[in-house]
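need a 3D model of the following:
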Amino acid sequence: MFRLLGILFTVLLAIATAVVVWPQLFHLEQTFPFAQIVAARGVVLAAFLVVAVLSLLLLLAKPLRGFAASVLIVALLGAAATGAIGYLRGFGADTLPEPTESSIRVLTWNTAGDEVSADEIAQQILDRGADVVALPETTEEVGEQIAVMLREQGHPMWVHHVQFKPDVVDGPKSWHTTVLVSPDLGEYSVIESSEDGSNNTGSVPSAVLMPVDGSGPAIVAVHAVAPRMEDMAQWQSDLRWIADQCPAGDFLLAGDFNATIDHMAGLGVDGGDMGYCRDAASRTGNGFSGTWPSSLPALLSTPIDHVMASPNWTPTGSVVIGGGGGSDHRGLVVQLEPAG
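Below is the predicted model:
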């Protein structure tokens, strides 16, 4: 009887391991609780290793040897598969290539409202030489303060802003998204449906910027709702909306997606991760480096902040900004070159 129970447990453990490691195979990547589990691949890897160690200890008990050996094999396979995914996506690159005349740098940072000062944001923009900056949860007032500081340092940027429910006094900072764009990229404007919320993410705002003269990439500063159990339907809708913002053409997506690339299975087109857009961090050695929460080491946190670009851009480097500067998110900087 015990042997049969051991076999049954091992089979169930193997199935659970397969679902946790690759929920996309079962179309469960956007389903609670698997969406939350796969988001923390570093924690999952650590859990597999803990199970493996416990199984090794159980091998010392002769009556449990067969059961312990089978559990050990499943745990090691799960750890190896998770580690291989991490290796392919990148455990962390910390340098950017030298900028060229044609390259652009995109920075995204969810600043958690007032948790990061305008001075610190401006300094990061200067240090990283950013041309496009997506700042979910940053107010227009803070964006303007940043722009003044940058102008005084010889790095001018235009400020664009979207706010949900602007008539509400002292509403939450999550109702704001601010975007800064270098004049070198040309003049941009926020499209009306993005400002009035008629075509936008549902609970927290994204900002869609189009070049006024029609040249240059369309820029989408992304903010999707978090996948809490009560918000799963809205989260799924937000991800579909974001994917729709990258059809064929010249597009940049940057911001707090509240999703890893695992959650985006089925939302890409022709090799893209969201529509035609491709995640830059996972193609430049930072796909496993988490950006939230900043209180945990990068390899144990979740990579939910992204910069993505259409195929006419080639990512050449990325850096996750260490620490959160008071925010619960780390920032992400990506360098892009025109393809070909």
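
model confidence for the nearest residue to E120 once chain neighbours are set aside, exactly?
Closest residue to E120 apart from its sequence neighbours, by CB to CB, 6 or more residues apart in numbering: G325 at 5.1 Å. (C-beta placed from N, C-alpha, C; glycine too.) Predicted confidence (pLDDT) at G325: the value is 73.

just checking, G325 touches D114?
No: G325 lies out of contact with D114 (CB atoms under 8 Å); the separation is 11.6 Å.

quick one, which of the two is more surrounded?
More neighbours surround G325 than the other of G325 and D114, with 20 against 14 (other CB atoms under 10 Å).

distance check, that one against T284.
As judged by CB to CB, to the nearest Å, G325 and T284 stand 22 Å apart.

same deal with T108?
14 Å.

who's more crowded, the two?
The neighbour count for T108 versus T284, taken as other CB under 10 Å, is higher for T108 (28 against 23).

identify the bridge partners of the more buried one.
A134, L332 (DSSP bridges).

that one and L209, how far apart?
Taking CB to CB as the measure, T108 and L209 are separated by 14 Å.

joint contacts of those two?
A221 (CB atoms under 8 Å, 6 or more residues apart in numbering).

give me the three-state assignment for F48.
helix (DSSP: H, G, I helix; E, B strand; the rest coil).

quick one, what contacts the closest residue to it other than its chain neighbours?
Among residues not flanking F48 along the chain, A79 sits closest, at 3.8 Å (CB to CB, 6+ apart). For A79, the contact set (CB under 8 Å, 6+ apart) comprises 45, 48-49, 52.

ok, which stretches of the stretch 151-300 of the chain are strands?
Along the stretch 151-300 of the chain, counting by DSSP state E, counting those that start in this stretch, strands occupy 158-163, 176-181, 188-190, 207-211, 218-223, 251-256, 278-279.

A46: neighbouring residues, count only.
A total of 15 residues lie near A46 under the criterion other CB under 10 Å.

for this structure, which helix is longest?
Of all segments of type helix in the chain, defined using DSSP state H, the longest is helix 65-89.

just how off-centre is that one within its chain?
From the chain centre to the centre of helix 65-89 is a distance of 26 Å (CA atoms, centre = their mean, to the nearest Å).

buried stuff in that helix?
Across helix 65-89, burial judged by 16 or more other CB atoms under 10 Å covers 67-68, 70-72, 74-75, 77-79, 81-83, 85-86, 89.

do the same with stretch 223-234
223-227, 231-232, 234.

hmm, L28 is touching V19, no?
Yes: at 6.3 Å, L28 counts as touching V19 under the criterion of CB under 8 Å.

who touches the residue nearest to E120 in this structure?
By CB under 8 Å, 6+ apart, the residues touching G325 are 111, 115-117, 120, 124, 331.

now, which of these lie within strands?
Residues of those located in strands (DSSP state E): G331.

which of the contacts of G325 lies closest to D196?
Using CB to CB, T111 is the member of those that sits closest to D196, with 24.1 Å.

can you count the residues close to the closest one?
27.

I'd like to know how far the residue nearest to F48 sits from T17.
9 Å.

CA atoms only: put the helix or strand hosting G317 into PDB for me.
Under the criterion of DSSP states H and E, G317 resides in strand 313-321. Extracted C-alpha coordinates of strand 313-321, given in PDB (Å, rounded to 0.1, in the frame of the first residue of the first chain):
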ATOM      1  CA  TRP A 313      15.300  47.500 -33.700                       C
ATOM      2  CA  THR A 314      18.100  45.200 -32.400                       C
ATOM      3  CA  PRO A 315      18.700  45.200 -28.600                       C
ATOM      4  CA  THR A 316      22.500  45.400 -27.900                       C
ATOM      5  CA  GLY A 317      22.500  45.600 -24.200                       C
ATOM      6  CA  SER A 318      20.500  46.000 -21.000                       C
ATOM      7  CA  VAL A 319      21.100  46.900 -17.300                       C
ATOM      8  CA  VAL A 320      18.800  46.400 -14.300                       C
ATOM      9  CA  ILE A 321      19.400  49.400 -12.000                       C
END
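
now the angle from it to strand 251-256?
Orientation check (axes from the mean of the first three to the mean of the last three CA atoms, to 10 degrees): strand 313-321 against strand 251-256 gives 20 degrees.

now strand 313-321, how far from the centre of its chain.
Going by CA atoms, centre = their mean, where strand 313-321 is centred and where its chain is centred differ by 13 Å.
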